[in-house]
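K.L.:
Quick check, what structure comes out for this input:
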Amino acid sequence: MKTEDEKTSDGLNEIFEIINAKGDIGELKEIVQKPDEQTNEDK
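P.N.:
Predicted coordinates:
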């Protein structure tokens, strides 16, 4: 299970990935699907 700091870091990294995607639809769709995968890891 991840610590609060690790979760915060993951969240910030995701924000930067979204910013860097710059409209790349495929990459944005992949990013949007990631939280579902991370939620399962935390259980």
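K.L.:
helix, strand or coil for the residue nearest to the spatial centre of the chain?
P.N.:
Centrality entry for the chain: nearest residue to the mean C-alpha point is residue 14, 3.8 Å, by CA atoms, centre = their mean. Under DSSP: H, G, I helix; E, B strand; the rest coil, residue 14 falls in the helix class.
K.L.:
ok, it touching residue 33?
P.N.:
No - in this structure residue 14 lies outside contact range of residue 33 using CB atoms under 8 Å: 11.5 Å. For every residue, glycine as well, the C-beta is placed using N, CA and C.
K.L.:
Residue 28: how many residues sit nearby?
P.N.:
14 (other CB atoms under 10 Å).
K.L.:
who touches it in this structure?
P.N.:
In this structure, residue 28 makes contact with 18, 21, judged by CB atoms under 8 Å, 6 or more residues apart in numbering.
K.L.:
sorry, back to before: can you check the pLDDT for the residue nearest to the centre of the chain?
P.N.:
Model confidence at residue 14, given as pLDDT, is 85.
K.L.:
excluding its backbone neighbours, what's nearest it?
P.N.:
Of all residues not flanking residue 14 in the chain, residue 31 sits nearest, at 6.4 Å (CB to CB, 6 or more residues apart in numbering).
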